[in-house]
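[1] Provided below for reference: sequence and predicted model.
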Amino acid sequence: MRVLGIESSCDETGVAVYDSEKGLLGHVLYSQIKLHAEYGGVVPELASRDHIRKTIPLINKVLNESGMELSDIDGVAFTAGPGLVGALLVGSSIGRSLAWTLKKPAISVHHMEGHLLAPLLEDNPPEFPFLALLVSGGHTMLIKVAAVGEYELLGDTLDDAVGEAFDKTAKIMGLPYPGGPELARLALSGCDGVYKFPRPMTDRPGLDFSFSGLKTFALNTYNKSDKTSQDKANVAYAFQEAVVETLAIKCRRGLKQTGLSRLVIAGGVSANTRLRERLAELVEKEGGEIFYPRLEFCTDNGAMIAFAGCLRIAAGQRDSTTIEARPRWKLEDLDALK
Ligand code: KG4
Ligand code: ZN
């Protein structure tokens with residue numbers, strides 16, 4: 001079975017085709033970074049308009065590149081939420097209409113399920129059950145994953161998501177949008193031991209997170225410094241260490257609490273090298289295994305949507321003909337695969 005996947009929940013248009021037997025047949029991505037850079041963040045209306053311009057050409061491109069025609073597609077998957085409502089409506093409308101025209105099944109995909117399952121696209125995929133740390137621009141969640149669609153939320157952020165905290169801290173220090181990767185790059189030239197940031201919520205039980213305080217701490221620390229480029233790098237370093245160590249403490253706690261040994265990290269922030277290093281070290285010490293997607297599938301992409309959609313269509317799930325966007329959609333509300 002071949003499923004076309006469309007991702008348009010935020011500032012990336014991604015399209016891919018996944019074949020249940022042959023794997024990923026092709027994927028293309030268009031990033032709107034340049035469009036939003038001058039505003040220092042995503043402008044929802046501009047995002048929607050750009051998805052409208054790009055989605056159909058990208059569908060044609062991925063089909064051409066993988067030597068296929070629309071008639072070779074057995075189903076269409078699209079991100080229906082969570083995300084920006086206008087942006088989601090573009091992918092949902094195009095995907096749903098295309099499926100209707102082709103008389104093929106359509107399926108709404110939850111963006112975070114896409115991220116969560118992205119490591120299963122790799123050669124050595126994790127077996128179920130596993131603990132998943134989902135870290136993106138909008139979410140920070142620890143989830144016990146029993147199987148596809150069987151998700152138990154163990155920990156969530158009370159305020160900013162990790163990616164959001166990275167982006168806001170980067171903005172405070174005048175780094176260009178999107179700030180997360182820029183801040184991580186700057187941290188490479190930071191020195192250890194100059195600043196010590198708190199590890200929020202690690203001194204109390206539970207698996208929830210809070211990251212907005214770290215951003216304020218970074219602002220105050222930076223303002224009190226001489227604001228040299230080395231000061232900036234030192235703040236970036238201390239901020240990243242605090243985030244990474246906080247996530248590591250909660251992951252260790254989550255693994256202990258659930259008795260699981262496999263840890264999956266996914267979502268945009270899982271591209272962070274320091275986070276991967278630190279969590280790999282932790283899991284190795286505990287005698288477990290760590291899994292993450294290749295770098296290009298950490299951030300938003302169409303491949304993860306085609307893959308998650310293919311699993312669900314193959315299991316017999318289908319959408320009605322209603323075109324729907326679900327900007328707020330809980331991962332725990334998804335159906336298990338029968
Ligand atoms: O998954 P994603 O592409 O979009 C959402 O679903 O939100 O995640 C984007 C987030 C942004 O906040 C971005 O700054 C962050 O992931 N990010 C990083 C890195 N690469 C992307 N944060 C820290 N270090 C990175 N290397
Ligand atoms: Zn995402």
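    Right, received. Where do you want to start? Ligands and ions are numbered 1, 2, ... in the order given.

[2] C-alpha from now on. contacts and neighbour counts both.
    Noted.

[3] parallel or antiparallel, list what pairs with the host helix or strand of V145.
    Here V145 sits within strand 140-147, counting by DSSP states H and E. The strands that strand 140-147 pairs with in its sheet are strand 130-135 (antiparallel), strand 150-156 (antiparallel) (by DSSP bridges).

[4] what mean pLDDT does that strand have?
    Averaged across strand 140-147, the pLDDT comes to 98.

[5] same question, stretch 26-36
    Mean pLDDT, stretch 26-36: 97.

[6] got it, and stretch 274-283?
    Stretch 274-283 comes out at a mean pLDDT of 98.

[7] residues contacting the nearest residue to A303 once chain neighbours are set aside?
    Counting by CA to CA, 6 or more residues apart in numbering, A16 is the residue found nearest to A303 once chain neighbours are left out, at 5.0 Å. Applying CA atoms under 8 Å, 6 or more residues apart in numbering to A16 gives the contacts 4-6, 24-28, 59, 62, 302-303, 305-306.

[8] roughly how far does A16 sit from ligand 1?
    Separation of A16 from ligand 1 (CA to the nearest ligand atom, to the nearest Å): 16 Å.

[9] and for L134?
    Taken as CA to the nearest ligand atom, the span from L134 to ligand 1 is 9 Å.

[10] please name the bridge partners of that residue.
    For L134, the beta-bridge partners are M141, A266 (DSSP bridges).

[11] so it makes contact with T140?
    Yes: in this structure, L134 is within contact of T140 by CA atoms under 8 Å, at 5.5 Å.

[12] what's the burial count for G193?
    9 (other CA atoms under 10 Å).

[13] typed the wrong thing, it's S229
    Residues near S229, counting by other CA under 10 Å: 12.

[14] identify the residues contacting the strand holding V145?
    128-135, 151-157, 161-162, 207, 209, 251, 254, 258, 336.

[15] which one of the contacts of A16 is nearest ligand 1?
    G302 (11.3 Å; CA to the nearest ligand atom).

[16] would you mind listing the residues in contact with the closest one?
    Neighbour list for G302: G5, I6, E7, T13, G14, V15, A16, H27, V28, L29 [criterion: CA under 8 Å, 6+ apart].

[17] quickly find the element holding the last one.
    In other words, L29. strand 23-31.

[18] chain center to the helix or strand following that strand, what's the gap?
    Later in the chain than strand 23-31, the nearest helix or strand by DSSP H and E is helix 33-37. How far helix 33-37 lies from its chain's middle: 19 Å, per CA atoms, centre = their mean, to the nearest Å.

[19] list the buried residues of helix 33-37.
    I33, L35, H36 (16 or more other CA atoms under 10 Å).

[20] could you say which helix or strand holds L207?
    Using DSSP H and E, L207 falls outside every helix and strand.

[21] residues touching it, list them.
    Contacts of L207 (CA under 8 Å, 6+ apart): L142, L154, G155, D156, K250, R253, G254.

[22] for the residue nearest to the fifth one when sequence neighbours are not counted, phi and psi?
    Distances taken as CA to CA, 6+ apart put L207 closest to K250, at 5.8 Å, once the chain neighbours are dropped. Backbone geometry at L207, expressed as degrees, to the nearest 10, gives phi -120, psi 10.
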